[in-house]
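Peer 1: Need a 3D model of the sequence below.
(2 chains)
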Amino acid sequence: MIKGTGVSPGISIGKAHILKQVEAGFSGIIIQTNEARELEIDKFNQAVVSAIGEIETIRLNTSLDLKPEDMDILDTQVEFLGDPQIAEDVHEKIWQHFRSAHDAVIEVIDAAVEMFLNMDDEYLSARAADLRDVGNRIIRNLNIGSASVDPVFGENTILIAEDLAPSDTIALDTTKVAGFATRLGGRTSHTAIIAKAKGIPAVVACGSEIMNIRNGVTVILDGTTGELILNPGSKLIGVYKAKQETISKEQALLRSLKDLPAITTDGHRLKLYANISNAGELEQVFENGGEGVGLLRTEMLFMGRDSFPSEEEQFNFYKQVAIKSKNRPVIIRTLDIGGDKQLSYFGIPPENNPFLGYRAIRICLDQPQIFFTQLRAILRASVFGTLKIMFPMISNLSEVKQAKECVNQVKLELKSASVDFDRSIGLGIMIEIPGAALITDILAREVDFFSIGTNDLCQYTLAVDRMNSKVSALYNHFDPGILRLINYVTEQAHKQNKPVGLCGEMASDPLAALLLMGMGLDEFSMSPRSIPSIKNILVKNSLAKAREVFKTVMGMDDPETIINYLEEVIK
Amino acid sequence: MISKDYTILSPQGIHARPATALLKLTRHFKSTICLQKEERLVPLRSMLNILALAIQCGDKISVIIDGEDESEAALSIDHFFNDLIKHL
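Peer 2: Down below sits the predicted model:
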């Protein structure tokens, strides 16, 4: 058995397919006759044409749902492939140094890679990887001579690789892939993100052993526990098939709830929304019965690139979301970087306490040009759907007023330029800081809605870093201190008829569902896959019971008692 | 022949995205267009050559345009370095 980190839950049983990176070796063949050299040059030119063709195919494949940053990678690759300097150098190697096309490409690309690696510029040295990618693509096309050599997978393939780079996952046909296992990677690696988004079980950080697995070997992959079992006996396969069955039965039941509204037995209706990072995830939201988006994170748009996205890029991103959401509400959170989320091209000087430092709305108000670009893009996109804007990390009234002022300014600019936008776009804030929670009544006068971010609210209220294993046990969203704060926010906001949502992990905790409904929260927003299990609890219970649960819990004095009680209640 | 000088103000210098955009922009002109930084002069048609100049923020560069549609090309290039590059 191989143990890694499970990053996308579920069980898959299938045949291993090892995706090895082609390490092209130098052959040393001498091409002697003029005729043979001309042939080599032709082969190279042909390989470049096929390689460009491959990329064009990827680019035109609408089912891949390519993001602007993917397009950028592909654009750069096409430029390198068609680069006259590279072609000239390769031709010269063939003609004057008697190299084969294969060797000439290796030599030219190696030299260029070397040059980039030696550059005193972090960004440019990183282009070495792009060049290698291009070199490998040409060489693959030289060797095969056919258009595409992307592997074709059989049904139930367990894909095993070092790690999956963006350009791999852009191109691979993953429809038949039942599971991913990689030697490297972590919870936030590209593999993890892709696998989760596609709902395919995945295990990362498996160590070097997995590269020794032979093609075609039967593998059981458990994306929940992070285990890989090689060559399992029929008994073990039986056990896992049964597990698979249970999981899929549960899922089927939950999916049958999909189109039912989240209404309690006594007719109380709740909004179940989803947290997403891009338009591509909307499909999953609707599949799971989500009625809108309670949190569209915009950080992905800014990460994994080398400069701020332009207004056009952002506009297209928001527009896509607006169109695909088919007029269901989408709450867009403005840029929330800082803390643990850094941008390579936007240096935030090291801080002693990044979580108490320069982040989110604080950066946006300090560097309004970043903020204005984002707001303009969102407002322009607002005509395509029902968008709302939400500011993160609000700590006081003045920040809310300043942020609103920025929105107003952008609105005026757009008006004078006769650009259309949603004039009554909703503006809300996140409640993540205890100080803000305690002045909900003051803030409610300025905003249209609230969304409680319980992850940060817990960290800040209980002064505990959940990533620090020595203290993470203190982190508990059932702590009476947290419950009182959430209750206070809800009460105060409702006094002024402002709706309150909750978009932290607590929203997807089945134990919390009745308690939060009893408190009066209007909307829960969670990862799309959590929606059915929460809905399942809500439709089986009544608001009256939830209120009862809420009253009982508020009379309890420690998280353990509360959790035990809640476990009893939903049994 | 037209020669124009620019100071690069985009914080990342000329990286892959602006280089791609510049190549796409100048490709359809008939004139020969070259990019010069210090004593190094490269034809503006190769991604590799442009990136090899390692043009960073604050660098001074010249663009030399020679051919029948040089004034038209110069206008496009002017627009690129004075405006477009800020959004890339």
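Peer 1: list the buried ones in stretch A:396-409?
Peer 2: By 16 or more other Cβ atoms under 10 Å in any protein chain shown, the buried positions in stretch A:396-409 come out as A:399-400, A:403-404, A:406-407. No exception for glycine: its C-beta is placed from N, CA and C like everyone else's.
Peer 1: and which of the residues you listed is nearest to chain B?
Peer 2: A:Cys406 (19.9 Å; Cβ to the nearest Cβ).
Peer 1: how much space between that closest one and A:Asn396?
Peer 2: Separation of A:Cys406 from A:Asn396 (Cβ to Cβ, to the nearest Å): 16 Å.
Peer 1: Kindly report the same for A:Tyr488.
Peer 2: 17 Å.
Peer 1: Wasn't B:Tyr6 part of a helix?
Peer 2: No: per DSSP: H, G, I helix; E, B strand; the rest coil, B:Tyr6 lies outside any helix segment and is strand.
Peer 1: Need the pLDDT of it.
Peer 2: Looking at B:Tyr6, its pLDDT reads 93.
Peer 1: How about the residues of the stretch 301-450 of chain A by chain B?
Peer 2: A:306-307, A:310-312, A:345 (Cβ under 8 Å from any Cβ of the partner chain).
Peer 1: And the host helix or strand of A:Ile86, what does it pack against?
Peer 2: Assessed by DSSP states H and E, A:Ile86 sits inside helix A:84-97. The contact analysis (3 or more Cβ pairs under 8 Å, 6 or more residues apart in numbering or on different chains; DSSP states H and E) places helix A:84-97 against helix A:34-60, helix A:101-117, helix B:47-52.
Peer 1: Could you confirm B:Leu35 falls within a strand?
Peer 2: Yes: counting by three-state DSSP, B:Leu35 is part of a strand.
Peer 1: Tell me who's in contact with it.
Peer 2: B:41-44, B:49-50, B:53, B:61-64 (Cβ atoms under 8 Å, 6 or more residues apart in numbering or on different chains).
Peer 1: A:Pro559 now?
Peer 2: Taking Cβ under 8 Å, 6+ apart, one finds A:476, A:478-480 in contact with A:Pro559.
Peer 1: With A:Gly28 instead?
Peer 2: Applying Cβ under 8 Å, 6+ apart, the residues contacting A:Gly28 are A:Asp103.
Peer 1: and it, what element?
Peer 2: Counting by DSSP H and E, A:Gly28 is part of no helix or strand.
Peer 1: Against A:His102, how distant is it?
Peer 2: Taking Cβ to Cβ, one finds A:Gly28 at 10 Å from A:His102.
Peer 1: if you skip the residues just before and after it, what's nearest to the residue in chain B sticking out farthest from the centre?
Peer 2: In chain B, counting by Cα atoms, centre = their mean, B:Glu68 sits farthest out from the average C-alpha position, at 18.3 Å. Leaving out its chain neighbours, the residue that sits closest to B:Glu68 by Cβ to Cβ, 6 or more residues apart in numbering or on different chains is B:Lys30, at 5.6 Å.
Peer 1: what's the burial count for that neighbour?
Peer 2: 10 (other Cβ atoms under 10 Å in any protein chain shown).
Peer 1: ok, which stretches of chain B are strands?
Peer 2: B:2-7, B:32-37, B:40-43, B:60-66 (DSSP state E).
Peer 1: What residues sit buried inside the first one?
Peer 2: The one in question is strand B:2-7. Buried-residue list, strand B:2-7, by 16+ other Cβ under 10 Å: B:Tyr6.
Peer 1: Partner strands of it and their direction?
Peer 2: strand B:60-66 (antiparallel) (DSSP bridges).
Peer 1: how big is the angle separating the partner strand from strand B:32-37?
Peer 2: 160 degrees (axes from the mean of the first three to the mean of the last three Cα atoms, to 10 degrees).
Peer 1: For chain A, which helix or strand comes out least confident on mean pLDDT?
Peer 2: When the helices and strands of chain A are scored by mean pLDDT, DSSP states H and E, helix A:166-171 comes last with a mean of 59.
Peer 1: Please name the nearest non-neighbouring residue to B:Leu53.
Peer 2: B:Lys37 (4.7 Å).
Peer 1: I'd like the mean pLDDT over stretch A:265-272, please.
Peer 2: pLDDT averaged over stretch A:265-272 gives 96.
Peer 1: Only alpha carbons, please: show that stretch as CSV.
Peer 2: What follows is stretch A:265-272, C-alpha atoms only, in CSV (Å, rounded to 0.1, in the frame of the first residue of the first chain):
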residue,chain,number,x,y,z
THR,A,265,-41.7,20.9,7.0
ASP,A,266,-43.4,24.0,8.3
GLY,A,267,-42.8,26.0,5.2
HIS,A,268,-39.7,28.1,6.1
ARG,A,269,-37.5,28.7,3.1
LEU,A,270,-33.7,29.0,3.2
LYS,A,271,-31.3,30.0,0.5
LEU,A,272,-28.6,27.5,-0.2
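Peer 1: what's in contact with it?
Peer 2: A:261-264, A:289-292, A:294, A:501, A:517, A:521-526, A:531, A:534-535, A:538-544.
Peer 1: In contact with A:Trp95: list those residues for me.
Peer 2: If you count contacts by Cβ under 8 Å, 6+ apart, then A:Trp95 has A:37, A:41 around it.
Peer 1: what does chain B have sitting close to chain A?
Peer 2: B:10-13, B:15-17, B:19-20, B:23, B:43, B:45-49, B:51-52, B:54, B:56, B:87-88.
Peer 1: what's the nearest residue to A:Pro354 if we skip its chain neighbours?
Peer 2: Nearest residue to A:Pro354, sequence neighbours excluded (Cβ to Cβ, 6+ apart): A:Gly339, at 5.2 Å.
Peer 1: I'd assumed A:Asn353 was in contact with that neighbour.
Peer 2: No: in this structure, A:Gly339 is not within contact of A:Asn353 by Cβ atoms under 8 Å, at 9.7 Å.
Peer 1: Which parts of the stretch 301-450 of chain A are helices?
Peer 2: With DSSP state H, counting those that start in this stretch as the criterion, the stretch 301-450 of chain A has helices at A:311-324, A:361-366, A:368-381, A:397-416, A:434-437, A:440-443.
Peer 1: what comes up buried for the longest helix along chain B?
Peer 2: Ranked by number of residues, the top helix in chain B under DSSP state H is helix B:70-82. Neighbour-count burial for helix B:70-82 flags B:70, B:73-74, B:76-77, B:80-81 (criterion: 16+ other Cβ under 10 Å).
Peer 1: now swap in stretch A:239-254 and tell me
Peer 2: A:240, A:243-244, A:251, A:254.
Peer 1: ok, residues contacting that stretch?
Peer 2: Contact with stretch A:239-254 is made by A:10-13, A:220, A:222, A:229, A:232, A:288, A:532-533, A:535-536, as judged by Cβ under 8 Å, 6+ apart.
Peer 1: quick one, strands of the stretch 401-550 of chain A?
Peer 2: A:426-431, A:449-452, A:500-502, A:523-526 (DSSP state E, counting those that start in this stretch).
Peer 1: okay if I get these as JSON lines plus distance to A:Gln77 and mean neighbour count?
Peer 2: Listed next are the strands of the stretch 401-550 of chain A as JSON lines, based on distance: least, Cβ to Cβ, whole Å; neighbours: other Cβ atoms under 10 Å in any protein chain shown:
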{"stretch": "strand A:426-431", "distance to A:Gln77": "39", "mean neighbour count": "24"}
{"stretch": "strand A:449-452", "distance to A:Gln77": "40", "mean neighbour count": "26"}
{"stretch": "strand A:500-502", "distance to A:Gln77": "42", "mean neighbour count": "27"}
{"stretch": "strand A:523-526", "distance to A:Gln77": "37", "mean neighbour count": "26"}
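Peer 1: With that, I have no additional questions.
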